[in-house]
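Colleague: would you be able to build a 3D model of this:
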Amino acid sequence: MRRFSLWVRDNPVVADSVLALLLFALDLSALPDSSHKPVYLLFALLLPLPVIVRRVYPRTAALTLFVLSQLSIGVSGALGDPTLHPSALGLGLALYTLVAYVGRREGLFFLALLIADGVSTTLILGEDPASVIAFSITFYALCWTLAEFTGARHAYDTEVQARLAVADYDRERRAHDAVAAERTRIARELHDVVAHAVSVMIVQADGARYTLRRDPDAAERALGTIAGTGREALRELRRTVALLRTEHAPDDLPQHGTAGIAGVVEMMRGTGLAVDLELSGELDDVPPEVSLGVHRVVQEALTNTLRHAGAHPKAWVTVRRVADRVHIEVVDTGGVPVQTAITGSGLGLVGMRERVAVLGGTMEAGRDPSGKWRVVAEVPVYREAP
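Modeller: Predicted structure coming up:
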């Protein structure tokens, strides 16, 4: 039943055709009273026709119905036939349609025409003015009132549909933003793992090639560093891929802490990068996501130092926790890269800024007045609830 009602609502011509047939039947009931039956039957056929398209073309249907009504009154007056067409009630339907589906301004204009129609009917057919006025006021007031209720319901339905459309758009946008944020997070994680490992492995491979014949022990140490870095990178990649295979991030994220930072520094020292490390505060007692973020910032900053800080780079790493914030500072000599230095994509700093921003912190990077390159970040230990 509900499906049928929805179909009728979406096909207004069907329901209005039924109304037109009812108006035609009313006219046929008055046909025996007419003294000029062929003329009466002709207008009985014509008057209901505009009702069929009253909701499809409301203005045209109303005007056509009014003109036909005036013609029928004029012809009946000329022929001396006082029989009225009951289908003229369709004028009230036209008024209702204009007010409900078009607007009050069109409804008022049409109401003025209907008043003129009532006056002309009284004058031409000699009807009782009081009865005509009383019936017209009652009938058209009822039509207008019903139209107001229908118009209000249509306005409410339109507003609900608009809100549903906005809600659907917001839901799709949030889903798209969530997917984009997840892709950015995975891309950032892969960049940090791969860029760091590959940079260390390339530097070590170049060093091993140069010292293979002159210093086999140094070459062997470099190859050992390459192997260790590769295994560590493989473990990190497996963990990142595991994130992709699960719907939610695992609760057992690795806690890097001071040992993780020291491990990164020691690995970079193995590549020939001189690094001074200073750790202070309770760095092992922070949430895993903060620990990972601090670890990645130090790792990426030292990787950039290895790439871009010249032939004999040196870096100073300071990580300290003060109250509920972790301060990170990585400074290097900021030298000019040698010709064999590894070129970067420029995404390292972007990734660090994104990671720090996700954790609710701030980061700055650039050269200081002495020419050294400085990366400074501050991350809250616990994010405030939104």
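
Colleague: give the contact list for Phe139.
Modeller: Shown in contact with Phe139 (Cβ atoms under 8 Å, 6 or more residues apart in numbering): Leu89, Gly92. Backbone N, C-alpha and C define where each C-beta goes, glycine included.

Colleague: hmm, 10 Å instead?
Modeller: Contacts of Phe139 were listed using Cβ atoms under 10 Å, 6 or more residues apart in numbering, and they are Leu89, Leu91, Gly92, Leu95, Leu114.

Colleague: correct me, but Val88 touches Asp27?
Modeller: No, residue 88 isn't Val; it's Ala. Yes - the pair Ala88 / Asp27 is scored as a contact, 9.1 Å apart, by Cβ atoms under 10 Å.

Colleague: okay, now the domains of this structure?
Modeller: Following automatic domain parsing, the chain resolves into domains at 2-127, 257-386.

Colleague: what is the helix or strand hosting Glu236 packed up against?
Modeller: Using DSSP states H and E, Glu236 sits in helix 216-245. Packing contacts for helix 216-245, counted by 3 or more Cβ pairs under 10 Å, 6 or more residues apart in numbering; DSSP states H and E, involve helix 129-211, helix 257-270.

Colleague: a markdown table please, covering the domains of the chain and showing mean neighbour count, mean pLDDT and distance to Glu236.
Modeller: Converted to a markdown table, these look like this (neighbours: other Cβ atoms under 10 Å; pLDDT from 0 to 100; distance: least, Cβ to Cβ, whole Å):
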| stretch | mean neighbour count | mean pLDDT | distance to Glu236 |
| --- | --- | --- | --- |
| domain 2-127 | 17 | 81 | 56 |
| domain 257-386 | 17 | 81 | 10 |
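
Colleague: surely Ile133 touches Ala141?
Modeller: No - the pair Ile133 and Ala141 fails to qualify as a contact (Cβ under 10 Å) at a distance of 11.9 Å.

Colleague: so between those two, which is more surrounded?
Modeller: Set Ile133 next to Ala141 and count neighbours by other Cβ atoms under 10 Å: Ile133 wins out with 15 against 12.

Colleague: distance of that one relative to Phe109?
Modeller: 20 Å (Cβ to Cβ, to the nearest Å).

Colleague: for Thr225, same thing?
Modeller: Distance of Thr225 to Phe109, given as Cβ to Cβ: 89 Å.

Colleague: residues touching Leu279, list them.
Modeller: Contacts of Leu279 by Cβ under 10 Å, 6+ apart are Gly257, Thr258, Ile261, Ala262, Val265, Val317, Thr318, Val319, Arg320, Arg321.

Colleague: same check, this time on Arg105
Modeller: Here Arg105 is in contact with Leu98, Val99 (criterion: Cβ under 10 Å, 6+ apart).

Colleague: give me the element it is part of.
Modeller: Using DSSP H and E, Arg105 falls within helix 104-125.

Colleague: now do the same contact list for Val317.
Modeller: By Cβ under 10 Å, 6+ apart, Val317 lies in contact with 261-262, 264-265, 268, 275-279, 298, 301-302, 305, 328-332, 375.

Colleague: next step: those residues restricted to helices.
Modeller: Of the positions in the contacts of Val317, Ile261, Ala262, Val264, Val265, Met268, Val298, Ala301, Leu302, Thr305 sit in helices, assigned by DSSP state H.

Colleague: and the two most separated of these?
Modeller: By the measure Cβ to Cβ, Ala262 and Thr305 form the most distant pair in those, at 16.7 Å.

Colleague: wait, doesn't Thr184 sit right on Arg353?
Modeller: No - Thr184 is not in contact with Arg353 according to Cβ under 10 Å; the separation is 11.7 Å.

Colleague: which SS class is Asn272?
Modeller: Residue 272: Gly, not Asn. In three-state terms, and counting by DSSP: H, G, I helix; E, B strand; the rest coil, Gly272 is coil.

Colleague: phi and psi next, for it.
Modeller: The phi and psi values for Gly272, taken as degrees, to the nearest 10, are phi 100, psi 0.

Colleague: ok, it to Thr362 distance?
Modeller: Using Cβ to Cβ, Gly272 is found at 32 Å from Thr362.

Colleague: which residues does Tyr140 contact?
Modeller: With Cβ under 10 Å, 6+ apart, Tyr140 has these contacts: Leu91, Gly92, Leu95, Tyr96, Gly107, Phe110, Leu111, Leu114, Ile115, Gly118.

Colleague: nearest residue to Leu302 other than its sequence neighbours?
Modeller: Met268 (4.8 Å; Cβ to Cβ, 6 or more residues apart in numbering).

Colleague: next one: that neighbour from Leu89, what distance?
Modeller: Using Cβ to Cβ, one obtains 93 Å as the distance from Met268 to Leu89.

Colleague: could you do Gly334 as well?
Modeller: From Gly334 across to Leu89, the span is 92 Å (Cβ to Cβ).

Colleague: ok, now Pro58?
Modeller: Separation of Pro58 from Leu89 (Cβ to Cβ) stands at 17 Å.

Colleague: cool, and Leu234?
Modeller: Between Leu234 and Leu89 the computed distance is 85 Å (Cβ to Cβ).

Colleague: equivalent analysis for Glu378, please.
Modeller: As judged by Cβ to Cβ, Glu378 and Leu89 stand 79 Å apart.

Colleague: now swap in Pro380 and tell me
Modeller: Per Cβ to Cβ, Pro380 is found 75 Å from Leu89.

Colleague: so Val381 makes contact with Pro287?
Modeller: Yes - at 7.0 Å, Val381 counts as touching Pro287 under the criterion of Cβ under 10 Å.

Colleague: what do the two both touch?
Modeller: With Cβ under 10 Å, 6+ apart as the test, Val381 and Pro287 both reach Leu359.

Colleague: sorry, back to before: can I get the contacts of Phe139 in CSV including secondary structure and distance to Leu19?
Modeller: Shown next, in CSV, are these (DSSP: H, G, I helix; E, B strand; the rest coil; distance: Cβ to Cβ, whole Å):
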residue, secondary structure, distance to Leu19
Leu89, helix, 10
Leu91, helix, 13
Gly92, helix, 11
Leu95, helix, 14
Leu114, helix, 18
